[in-house]
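[1] Output the structure for:
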Amino acid sequence: MRRWLPPRPNGSPLRRLSPLGAALAALLLLSGCAALPASQEEAPLPPRLLTREGIPLDVDTLEQRMLSARVIYLAEKHDNPHHHRLQVKILERLVALGRKPAVGFEFFSREQTGWLMNYQTGGVSPLHGTAAAPGSAERSLRANLGWSHREDWPFYFPLIEVGKKHGLPLFGADLPSAVKIRLARAGLEQLTALERQQIPDTGLRREDYRLLMREKLSASHCGHASPAMLDRLHQTWLARNDAMALAVTTVLKERPEEPVVVILGGGHTEHGMGVVERVAFLNPGISQLDLGLMESPDPTRDAERLPPPESGGATVFPAGHDVYWFTPAPGGSDADKDPCAAFAKPATPPPAAAAP
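    Next up, the predicted model:
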């Protein structure tokens, strides 16, 4: 049996923060993530795969679906180390099957593609005319990408290393951080003409998806975002999805015989929308596979954890992702913490009884 399998679970409960909430938090904050303890690298589990309809799937069938897809989304929860290890194994398996996929990253901007490709191609240092010292190329890449102080670098660098090892094209897919922050804080109308020029647009507009996303955005902010803030966040969300879809389309056209694998948060592909719908809009008839990596502490209840369909206006959007691959949740004392608990109003204490 093929062994691109997730590590042993640690028994921690399922986190309540949705993929969308995690993706939105990453938009405005540079949050670090803890490394996976060595003790959790033992004894791989059998793969636990379900379609969005709850039908069990075996690895061979999933493999065939990946081989027939032009775009494969490995939709992660950003802070789950199991997801990143599984992404590495999937990339290695695709290469072993004769594919040479390009690999795109939500966490890097399109303008940072040159740094990724400079590392991938390696070679002689342009400054000193000699081969780089051991480890210096990685340090230089990390600094150039602005990741020198981020603790989650070990989650993404192994994916970059797979690209270097096999000569796979690497690219950043998202908007630059400064553009995202400006758009979320000021809104599109308040940006300068030069700033607006940096924001790509597929031209796709859907009122039902806007209604769905406003509900999700409001929920991810625990109901405390103003209508104006929700408008700005929605503009930012669409712009990011447009940027990633256009980046994927550009790479597809350059390499028509090879697939594109996209490493991104699950919120960007949920319900076949976001990046998925925009790539389809730009490339009619294209075959895509959205593989959602999902946390689960109890493999006997995985089917119960599949999200239901959701509505936007009169439209009912299909549940989640095409296929789910369940993995353990990472450890941590806050694994079951409700992210909205801090916003809950304290109960009003009963009036004190009058003294006799």
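[2] Isn't residue 302 up against residue 325?
    No - when contacts are counted by CB atoms under 8 Å, residue 302 is not listed as touching residue 325 (10.0 Å). C-beta here means a position set from N, CA and C on the backbone, and glycine is covered the same way.
[3] Give me the common contacts of those two.
    Common contact partners of residue 302 and residue 325 (CB atoms under 8 Å, 6 or more residues apart in numbering): residue 48.
[4] Looking at those two, which is more packed in?
    When residue 302 and residue 325 are compared for neighbours, residue 325 comes out ahead with 25 against 17, by other CB atoms under 10 Å.
[5] looking at this, that one is in a strand?
    Yes - with DSSP: H, G, I helix; E, B strand; the rest coil as the criterion, residue 325 is located in a strand.
[6] hey, what's it bridged with?
    Beta-bridge partners of residue 325, counted by DSSP bridges, are residue 49, residue 293.
[7] residues near the nearest residue to residue 312 once chain neighbours are set aside, how many?
    Nearest residue to residue 312 in three dimensions, chain neighbours excluded: residue 212, at 3.1 Å (CB to CB, 6 or more residues apart in numbering). The tally of other residues near residue 212 (other CB under 10 Å) stands at 21.
[8] The residue nearest to residue 186 when sequence neighbours are not counted sits in which helix or strand?
    Excluding its sequence neighbours, the residue lying closest to residue 186 (CB to CB, 6+ apart) is residue 232, at 7.3 Å. For residue 232, the element it lies in under DSSP states H and E is helix 227-254.
[9] following that helix, which helix or strand shows up next?
    The element immediately downstream of helix 227-254 (helix or strand, assigned by DSSP H and E) is strand 260-265.
[10] The stretch 151-300 of the chain: strands as residue ranges?
    Along the stretch 151-300 of the chain, counting by DSSP state E, counting those that start in this stretch, strands occupy 170-174, 260-265, 288-295.
[11] Pull the residues that contact the second one.
    For strand 260-265, contacts defined as CB under 8 Å, 6+ apart pick out 19-20, 22-23, 26, 70-78, 87, 90-91, 94, 101-107, 156, 159, 173, 244, 248, 251-252, 275.
[12] Mind checking which of the residues you listed are buried?
    Among those, those buried by neighbour count (16 or more other CB atoms under 10 Å) are 19-20, 22-23, 26, 70-78, 87, 90-91, 94, 101-107, 156, 159, 173, 244, 248, 251-252, 275.
[13] from the residues you listed, which ones fall inside strands?
    Residues of the buried ones among the contacts of strand 260-265 located in strands (DSSP state E): 71-76, 102-107, 173.
[14] would TSV of those with distance to residue 331 be doable?
    Below are these laid out as TSV (distance: CB to CB, whole Å):
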residue	distance to residue 331
71	33
72	29
73	26
74	22
75	22
76	17
102	34
103	28
104	29
105	25
106	24
107	22
173	30
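[15] could the strands of the stretch 151-300 of the chain go into JSON lines alongside mean pLDDT and distance to residue 119?
    JSON lines is the format used below for those (pLDDT from 0 to 100; distance: least, CB to CB, whole Å):
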{"stretch": "strand 170-174", "mean pLDDT": "98", "distance to residue 119": "8"}
{"stretch": "strand 260-265", "mean pLDDT": "98", "distance to residue 119": "16"}
{"stretch": "strand 288-295", "mean pLDDT": "96", "distance to residue 119": "25"}
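[16] Looking at those strands, spot the one closest to residue 57.
    Taking CB to CB, strand 288-295 is the member of these nearest to residue 57, at 10.3 Å.
[17] Output the contacting helices and strands for the closest one.
    Judged by 3 or more CB pairs under 8 Å, 6 or more residues apart in numbering; DSSP states H and E, strand 288-295 is in contact with helix 59-67, strand 71-76, helix 81-96, helix 275-282, strand 323-327.
[18] Bridged to the nearest residue to residue 116 once chain neighbours are set aside, which residues?
    Nearest non-adjacent residue to residue 116, counting by CB to CB, 6+ apart: residue 170, 4.0 Å away. Beta-bridge pairing of residue 170 under DSSP bridges involves residue 103.
[19] got any ranges where the stretch 201-350 of the chain has weak pLDDT?
    By pLDDT under 70, the low-scoring segments of the stretch 201-350 of the chain are 332-339, 342-350.
[20] Okay, and the beta partners of the residue nearest the centre of the chain?
    Nearest residue to the geometric centre of the chain (CA atoms, centre = their mean): residue 265, 1.6 Å. The partner list for residue 265 in beta bridges (DSSP bridges) reads residue 76.
[21] Distance-wise, check it relative to residue 219.
    To residue 219, residue 265 is 16 Å away according to CB to CB, to the nearest Å.
[22] for residue 120, same thing?
    Residue 120 is 39 Å from residue 219, by CB to CB.
[23] out of these two, which sits in the more crowded spot?
    Taking other CB under 10 Å, residue 120 and residue 219 do not tie; residue 120 has more neighbours (19 against 14).
[24] in which helix or strand would I find that one?
    helix 113-121.
[25] Buried residues in that helix, which are they?
    Quick answer for helix 113-121 (16+ other CB under 10 Å): 113, 115-116, 118-120.
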